[in-house]
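*Asks:* sequence-free structure coming up:
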């Protein structure tokens, strides 16, 4: 099994740890210090919250400001539209922001949440038929075509 580590630039480690733990994720203390925190999203998925200075030791490229530029948008699936809404409500209450309205494509429902530094997390629900067979299958099941 492959482990996935998503490295995110942050400015205030304690604030950011509080935000991510409010979303229900845990901190792996073995890989957490004054420069970084390892957030356990799932068995093999981790978010590495790295101070900008520390992240810069891993690359020769400039570190973007996620408050003004998008490097990546990390999506997390949820089991229902209600679970997507609950994740956003929790994230906003913990200091995040919702940068745009919910996106409803019929077969897929998503909402974006920016962490306190502007890193974008997408929470997504996809109809099981669409997830298995593609969006056209969902539309056909609904009696419509794209």
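*Replies:* Received the coordinates, thanks. Note that the coordinates shown come from a computational prediction; the quantities given were computed from them, not determined experimentally.

*Asks:* Where does the residue minimising distance to the centre of the chain sit: helix, strand or coil?
*Replies:* The centre of the chain sits closest to residue 121, judged by CA atoms, centre = their mean, with a distance of 2.7 Å. Classification of residue 121 using DSSP: H, G, I helix; E, B strand; the rest coil returns strand.

*Asks:* Might you report the residue contacts of it?
*Replies:* Taking CB atoms under 8 Å, 6 or more residues apart in numbering, we find residue 121 in contact with 73-76, 91, 96, 112-115. In this view, the C-beta of every residue, glycine as well, is placed from N, C-alpha and C.

*Asks:* contacting residues around whichever strand or helix holds residue 89?
*Replies:* Taking DSSP states H and E as the definition, residue 89 sits inside helix 81-93. With CB under 8 Å, 6+ apart as the contact definition, helix 81-93 has outside contacts at 19, 22-24, 76, 78, 98, 102, 109-111, 113, 115, 121, 123-125.

*Asks:* mean confidence for that helix?
*Replies:* In this model, helix 81-93 carries a mean pLDDT of 98.

*Asks:* now swap in stretch 38-52 and tell me
*Replies:* 97.

*Asks:* can you check stretch 117-132 too?
*Replies:* The predicted model assigns stretch 117-132 a mean pLDDT of 90.

*Asks:* For that stretch, measure first residue to last.
*Replies:* 34 Å (CA to CA, to the nearest Å).

*Asks:* Tell me if residue 8 really is in a strand.
*Replies:* Yes - per three-state DSSP, residue 8 lies within a strand segment.

*Asks:* please renumber so the chain begins at 56
*Replies:* Noted, 56 is the first residue going forward, which turns the last one into residue 63.

*Asks:* List the contacts of it.
*Replies:* So residue 63 contacts 102-105, 121, 170, 172, 174 (CB under 8 Å, 6+ apart).

*Asks:* Show me which of these is closest to residue 69.
*Replies:* Within the contacts of residue 63, the smallest distance to residue 69 is 10.5 Å, found for residue 104 (CB to CB).

*Asks:* Any of the contacts of residue 176 buried? List them.
*Replies:* Among those, those classed as buried by 16 or more other CB atoms under 10 Å are 131, 146, 151, 167-170.

*Asks:* For those residues, give me JSON lines that also has distance to residue 85 and secondary structure.
*Replies:* Shown next, in JSON lines, are the buried ones among the contacts of residue 176 (distance: CB to CB, whole Å; DSSP: H, G, I helix; E, B strand; the rest coil):
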{"residue": "131", "distance to residue 85": "23", "secondary structure": "strand"}
{"residue": "146", "distance to residue 85": "26", "secondary structure": "helix"}
{"residue": "151", "distance to residue 85": "26", "secondary structure": "coil"}
{"residue": "167", "distance to residue 85": "31", "secondary structure": "strand"}
{"residue": "168", "distance to residue 85": "27", "secondary structure": "strand"}
{"residue": "169", "distance to residue 85": "28", "secondary structure": "strand"}
{"residue": "170", "distance to residue 85": "22", "secondary structure": "coil"}
